[in-house]
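In: No sequence on hand, only this structure:
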């Protein structure tokens, strides 16, 4: 094993008897490898003398030895000294000045006892120097063989600063006497036969403990206060006395040691101390640093006393902390109990006050208003107790006889508002705000609902039994007045079980031919209250009305008065079917009897039919006119135009018939087509000269009439439609300024339709208006066109 890590390393070139050439590649090799004219190095005299130890100016040269000797691998391992490491105390004075080393002699090596202990065992010896083993000579004969040589080794050492008779190293801290070898007795490991140090090594490198190690070997004592012991707790690894258990008196025999021992509890066994055993034979005796003798039993007993004392201190601290925690817990519990007691006292005082008020209601003969004030006070000031104790049930029991006695002589139909304010006041006291019930159930009712159901409803039931359904006003007013105060299920019960059966029986007894009071006058007031519940009454009503209309004539206006209130009551489908079945046939028969005579015209049948315009749908009424009126009317017009007519009379006759119809009917496409067809017939008659003599100006009058009617039609379209192209815009402006704008039949210019705009002929091409000039067509603006037309 090499000790180079302890004493330092030396290069392989410095090994004894071996000369090695250096083969590393230098910068000089890289620069001159391929240069045939490179400068050759000439060896100097100093290089020839010292070889590799010669001083050089640069590293660009490659020195080498002339020869090389083979290395002897059979030689034993040699150890090379790297010197001793300096201590901090030696380095401080040396760092102050560097001149002291150069001016005088080199300083003496420091004493070996100041070096670290692990560096005091080093030495510089080689196995080849066995001749010095066991000799008392120093290093006097070291290097005597150089007298037979040139002394190159001594010269090299002196060149490196070596002084004969002193150790190697920078501070001459190396050993001078070679290390002695000590023969081991057997083949065991190092230290198997005791220490292997020689007398020389003990003299050169005495075993001296450093101050730090001596300090470490000194016994250290630690002192802890009671507070520190409490804060730290029990010492880890030390057994503490356990609390007594059922196994505390168990007899335990310990045979683990050399002697048999008997313990009477496991705690004693845990706390036993081990007796020191005899030392092993052959082992070195322990060194005693101080005088005296060891008492392990006394030390154990003292340590046991200390542990027991610490344990008692900790247990006392835990008991004290426990007692303090108990005190804090009891204080909090006492505070909570005091608060609870105070709350109970307040609750008791409130209950006493409530009991006083309740006994007042039961003991004294109070009125309905006084009881209401008492329970309002209870509800406002003692709301929690009012809900928890169910005082609403008590209030219902108290107010029940009072309200029943107060309403004993009450007639709801004569005095509908009596008790309204009092019951509304009790509603705020008794109602709990629960969900409405779908059926009467006294077990699930709140006090207010039970009060109404047991006191108020019987009075209403008796009043309904005496009520006449045709006298609808008092009953409707009564229910509408009480509806905001009544629960939904009570109001529904009254309407469904009391009111509706009476109305159903009355509808069954109703006869539209004999009864002077119309049915809608006493049935429709129930629509806001009953709403959809009246649907079962509508089929018998329609059936009776249909039977009454079998012998009806449109001249009788009473049927319209009877049916008109039902138009919005019946569903649209049912109403349309009823009218088509019972009214439309009568009106069609009336129109078929209408005689159209221009000289003596009777308009009553047509008026009778048109009176039903709001009752019949427009499509149904237009169908009647198309089938039963317009054919006869157009036929009369054609016959009149064929017998030398007076076109002024025809114009007035046409306008008169058109004025009979409403704007809604005239806006219907079928009616509009029929009147336009009449205009076409008149235009054809004027243009063809049918009838012989043609009155002067008749053609212009008919053309003007046609233009006026067509313009009205366009105005009706323009009022509802927005112009979509330039032509529609021109047409709208022409109608706005009363200018005739119409196409010229069969006339075109370059494929474009020609129009008359007043007296001007125009055509439209890609959104531009062209006006006919003297020789050509000229484009113009819309405003200029209107100005020229005017």
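Out: All right, it came through fine. As the structure is a computational prediction, the values presented were derived from the model and not from experiment.
In: which outside residues touch stretch 783-790?
Out: By CB atoms under 8 Å, 6 or more residues apart in numbering, the surrounding residues in contact with stretch 783-790 are 730, 733-734, 737, 739, 757-760, 762, 769, 771, 780. (C-beta placed from N, C-alpha, C; glycine too.)
In: name the element residue 515 belongs to?
Out: Under DSSP states H and E, no helix or strand contains residue 515.
In: give me phi/psi at residue 173?
Out: Torsion angles at residue 173 (phi, psi; degrees, to the nearest 10) stand at phi -90, psi 0.
In: Quick check: it vs residue 430, distance?
Out: Distance of residue 173 to residue 430, computed by CB to CB, to the nearest Å: 115 Å.
In: mean confidence score for the helix or strand harbouring residue 353?
Out: Element membership for residue 353 (DSSP H and E) is helix 296-363. The average pLDDT for helix 296-363 rounds to 88.
In: Can you name the next helix or strand after it?
Out: Past helix 296-363, the next helix or strand by DSSP H and E is helix 368-381.
In: all strands for the stretch 351-500 of the chain, in order.
Out: Under the criterion DSSP state E, counting those that start in this stretch, the stretch 351-500 of the chain contains no strands.
In: Likewise for the chain?
Out: Counting by DSSP state E, one finds strands in the chain at the ranges 252-254, 261-263, 741-749, 752-757, 760-765, 768-772, 777-780.
In: Just the buried subset of the contacts of stretch 783-790, written out for ChimeraX, thanks.
Out: Of those, the buried ones go into a single ChimeraX selection, burial set by 16 or more other CB atoms under 10 Å:
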select :730,733,734,739,757,758,762,769,771,780
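In: out of the contacts of stretch 783-790, who's nearest residue 635?
Out: Minimum distance to residue 635 across the contacts of stretch 783-790 is 35.3 Å, recorded for residue 734 (CB to CB).
In: For residue 424, list the residues it contacts.
Out: Residue 424 touches residue 485, counting by CB under 8 Å, 6+ apart.
In: 10 Å instead, please
Out: 482, 484-485 (CB atoms under 10 Å, 6 or more residues apart in numbering).
In: Most neighbours out of these, which is it?
Out: residue 482 (22 neighbours; other CB atoms under 10 Å).
In: what's the closest non-adjacent residue to it?
Out: residue 420 (6.9 Å; CB to CB, 6 or more residues apart in numbering).
In: Could you give me the buried positions within stretch 739-750?
Out: Buried-residue list, stretch 739-750, by 16+ other CB under 10 Å: 739-741.
In: Provide the contact partners of it at residue level.
Out: By CB under 10 Å, 6+ apart, stretch 739-750 touches 703-704, 706-708, 710-711, 714, 727, 730-735, 753-763, 765, 770, 772, 777, 785-786, 789-790.
In: Give me the pLDDT for residue 627.
Out: What the model reports for residue 627 is a pLDDT of 90.
In: and the residue lying farthest from the centre of the chain, how far is that from residue 614?
Out: Here the centre of the chain is the reference, and by CA atoms, centre = their mean the most remote residue is residue 148, at 102.4 Å. Note on residue 148: its distance to residue 614, by CB to CB, is 159 Å.
In: do the same with residue 226
Out: 112 Å.
In: same thing with residue 631?
Out: The value you get for residue 631 to residue 614, if CB to CB is used, is 25 Å.
In: What of residue 522?
Out: Computed as CB to CB, the residue 522 to residue 614 distance reads 24 Å.
In: Comparing these two, which shows the higher neighbour count?
Out: Between residue 522 and residue 614, residue 522 has the larger neighbour count (other CB under 10 Å), namely 20 against 11.
In: That one contacts residue 467, doesn't it?
Out: No: counting by CB atoms under 10 Å, residue 522 sits too far from residue 467 to count as a contact (11.6 Å).
In: Could you point out which residue ranges in the stretch 101-250 of the chain have low pLDDT?
Out: 101-143, 145, 204, 207-221, 233-249 (pLDDT under 70).
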